[in-house]
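Asks: Here is a sequence together with a model predicted from it:
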Amino acid sequence: MSKKMIINAFDMNSSMHNSHGFWKHPESKRHRRYKDLDYWVELAKLLEKGKFDAVFFADVLGIYDVYRQSKEPSIRDGLSVPLNDPAMLVSAMASVTENLSFAVTVSTTYEPPFGNARRFSTLDHLTKGRVAWNVVTSYLPNAARNFGLENMIKHDERYDIADEYLDVSYKLWEQSWDEGAVVEDAENETLVDPEKVHEINHEGHYFSVEGPHLSEPSVQRTPVIYQAGTSERGREFASKHAECIFVGGPTPQRIRYYSDDIKERAEKHGRNPENLKIICFLTVIVAETTEEAEKKFEEYNNVWSPDAAKAQYGASGYDVAEFEAQDPDEIFQYKKKTEGGHYKAATLTKDAPKQQQTVGEVLKRFEGLDRPNIIVGNPQEVADQIQYQFEESGIDGFNLNHLVSPGDLESFIDLVIPILQDRGLYKTEYEQGTMREKLFPHGSSTLPEDHPASKYRRSLNKSYS
């Protein structure tokens, strides 16, 4: 039986998401309706109809303000602003679905682990085990200032913080409460057995947390762990902690390189690489005929905002305005190091389709939709390209971007999903169980024994068995 691909809807609780300037498109509904809970309920039903695995909610904690050293380009074109909390949507979307899962992005750099652990336990309870945490370390200078810091914490130190943050979280989720702590013993007037609830007494470099965890164990205890990042430190972090890793690259071969590297690192951490899923980015423009799809592409290109694209690139820490001041025939290269998102910077260098580019060629990439990285065509052509990427890269699935919402998702579900199902590449029915049980063959809703969190579970069993 062929491997079935994972497909998540890549989204944001925002007016726009990776669709720069598309609020001007006449069929765009999200910038008007993202504040309307009915929009998200309808979206959840649509995605479950299409047998999507999950909604992957991106999030940021500030405004992109590196380009021109200004917030105006982002605000003007709705680049991830206005933006609401994605976690608030999950309960409502879960209430109208049975199988759709939810990956929620939360940063380890600014929000303390104790409250975040309760948030995810709560969501895991309410969804009956359909929740994942996308662990990020945050890369926006404005986000740092929003949380009282004058400057961003350096890139690698953000991962040091994240490592300890995960340790605290594992202790709260895996160690603090024994199984069977809730006894409901009316005769002895005991709802919860105090002997089975434990402080974690974490004293580390960045965090001090006494505990115990306020929430009783949820179905998965620890939510499924997602992580995105292809920097050296990001891949090392992912190989230790993550179960699903979101990677990018210009070719299936480059993506395979990242996938193989992360799995090799995971083995060095004592993990079974089969317990990791690699997900990459996918953008599709599909119509009944090739001609209609090409026409749609041109319509989309006409509403594209170069300024919003340049502003988003500021996540790398580099200001595109500085490139604009250079000779367009000069060979492009970075002239300084930043503490921004290394994966974003790599899209113009080591992860660029062409390894050596001029400044003019780089700037041109911001002027319209990135055609080499978008699949455009009729349903058969789109399915062919998706299958090629899936098989050549060796990945496990995709985070599907949608430029005009919800129309592009509707087109994908109606036109492409049936072909992928006919080819045996995509499920026709959901598997039963929690999000982790659907994703992995080890058959448990909790983390496997090879995951670093299990050491806290084993310690607990030895201490309190």
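Replies: Perfect, I can see it now. Just so you know, these numbers come straight off a predicted model, no measurement behind them. Numbers count the residues shown, from 1 in each chain.

Asks: ok, longest strand in the protein?
Replies: Ranked by residue count and defined by DSSP state E, the top strand of the chain is strand 277-286.

Asks: any idea of the mean pLDDT in that strand?
Replies: Mean pLDDT, computed over strand 277-286, is 96.

Asks: by contact count, what packs against that strand?
Replies: strand 6-12, strand 244-247, helix 252-268, helix 290-303, strand 375-377, helix 379-393, strand 397-401, helix 407-411 (3 or more Cβ pairs under 8 Å, 6 or more residues apart in numbering; DSSP states H and E). Quick note: C-beta positions are derived from backbone N, CA and C, even for glycine.

Asks: if you set the cut-off to 7 Å instead, what comes out?
Replies: strand 6-12, strand 244-247, helix 290-303, strand 375-377, helix 379-393, strand 397-401 (3 or more Cβ pairs under 7 Å, 6 or more residues apart in numbering; DSSP states H and E).

Asks: all strands of the chain, in order?
Replies: Under DSSP E, the chain gives strands at 6-12, 54-58, 101-107, 131-136, 182-185, 190-192, 202-203, 208-209, 224-228, 244-247, 277-286, 375-377, 397-401.

Asks: can you give me the angle the longest one makes with strand 101-107?
Replies: Read it as strand 277-286. 110 degrees (axes from the mean of the first three to the mean of the last three Cα atoms, to 10 degrees).

Asks: Next up, the contacts around the closest residue to Ser14 other than its chain neighbours.
Replies: For Ser14, ignoring the flanking residues on the chain, the nearest one in space by Cβ to Cβ, 6 or more residues apart in numbering is Leu83 at 4.3 Å. Contacts for Leu83 (Cβ atoms under 7 Å, 6 or more residues apart in numbering) come out as 13-14, 60.

Asks: Just say which of the helices and strands packed on strand 277-286 is most tucked in.
Replies: Across these, the average number of neighbours (mean count of other Cβ atoms under 10 Å) peaks for strand 244-247, which reaches a mean of 27.

Asks: Contacts for it, please.
Replies: With Cβ under 7 Å, 6+ apart as the criterion, strand 244-247 contacts 132, 224, 226-228, 230, 238, 255, 258-259, 262, 276-280, 399.

Asks: picking up where we left off before, let me have the strands of the chain in JSON lines, extended by distance to Gln175.
Replies: Putting those into JSON lines (distance: least, Cβ to Cβ, whole Å) gives the following:
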{"stretch": "strand 6-12", "distance to Gln175": "30"}
{"stretch": "strand 54-58", "distance to Gln175": "27"}
{"stretch": "strand 101-107", "distance to Gln175": "21"}
{"stretch": "strand 131-136", "distance to Gln175": "18"}
{"stretch": "strand 182-185", "distance to Gln175": "17"}
{"stretch": "strand 190-192", "distance to Gln175": "16"}
{"stretch": "strand 202-203", "distance to Gln175": "10"}
{"stretch": "strand 208-209", "distance to Gln175": "12"}
{"stretch": "strand 224-228", "distance to Gln175": "16"}
{"stretch": "strand 244-247", "distance to Gln175": "23"}
{"stretch": "strand 277-286", "distance to Gln175": "26"}
{"stretch": "strand 375-377", "distance to Gln175": "45"}
{"stretch": "strand 397-401", "distance to Gln175": "32"}
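
Asks: so which of those strands gets nearest Glu164?
Replies: Set against Glu164 and scored by Cβ to Cβ, the strands of the chain come closest in strand 202-203, at 8.5 Å.

Asks: what sits up against that closest one?
Replies: Contacts of strand 202-203 (Cβ under 7 Å, 6+ apart): 168, 171, 208-209.

Asks: if we go to 10 Å?
Replies: Contacts to strand 202-203, defined as Cβ atoms under 10 Å, 6 or more residues apart in numbering, come from residues 113-114, 164, 167-168, 171-172, 175, 208-211.

Asks: ok, and the closest non-adjacent residue to Thr446?
Replies: Arg221 (5.2 Å).

Asks: who's in contact with the one you found?
Replies: 120-121, 124, 129, 170, 172-175, 177, 179, 436, 445-447, 453, 457.

Asks: So how do I select the buried members of these in PyMOL?
Replies: Command for PyMOL that selects the buried part of the contacts of Arg221, burial taken from 16 or more other Cβ atoms under 10 Å:
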select buried, resi 120+121+124+129+170+172+173+174+175+177+436+445+446+447+453+457
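
Asks: Just the ones of the contacts of Arg221 in helices?
Replies: Here DSSP state H is the test, and these give 120-121, 124, 170, 436, 457 as lying in helices.

Asks: and the angle for the longest strand of the chain with helix 379-393?
Replies: 160 degrees.

Asks: ok now strand 277-286, how far from the chain's centre?
Replies: When distances are taken as Cα atoms, centre = their mean, to the nearest Å, strand 277-286 is centred 12 Å away from the chain's centroid.

Asks: ditto for stretch 174-181
Replies: 29 Å.

Asks: Let me know the average pLDDT across that stretch.
Replies: Mean per-residue pLDDT for stretch 174-181: 96.

Asks: what about it, start to end distance?
Replies: 13 Å (Cα to Cα, to the nearest Å).

Asks: do the same with stretch 59-79
Replies: End-to-end distance for stretch 59-79: 12 Å, by Cα to Cα.

Asks: list the buried ones in that stretch?
Replies: Neighbour-count burial for stretch 59-79 [16+ other Cβ under 10 Å]: 59-68, 70-71, 73-74, 77-79.

Asks: before we move on, what about stretch 447-456?
Replies: Residues of stretch 447-456 classed as buried by neighbour count (16+ other Cβ under 10 Å): 447-454, 456.

Asks: And the pLDDT at Ala315?
Replies: 87.

Asks: follow-up on the earlier one: let me know the angle separating the longest strand of the chain from helix 290-303.
Replies: Going by the same axes, to 10 degrees, strand 277-286 makes 100 degrees with helix 290-303.

Asks: Can you tell me the strand partners of strand 277-286 and which way each runs?
Replies: strand 244-247 (parallel), strand 375-377 (parallel), strand 397-401 (parallel) (DSSP bridges).

Asks: So for Tyr39, which of those strands sits nearest?
Replies: Taking those one by one with Cβ to Cβ, strand 397-401 is closest: 17.7 Å.

Asks: neighbours around Asn378, how many?
Replies: Per other Cβ atoms under 10 Å, the neighbour tally for Asn378 reads 19.

Asks: ok, now which ones touch Lys71?
Replies: By Cβ under 10 Å, 6+ apart, the neighbours of Lys71 are 62-65, 79, 81, 142, 311.

Asks: let's see it at 7 Å
Replies: 63, 65.

Asks: how close does it get to Glu292?
Replies: Lys71 is 38 Å from Glu292, where distance means Cβ to Cβ, to the nearest Å.

Asks: now swap in Leu214 and tell me
Replies: 54 Å.
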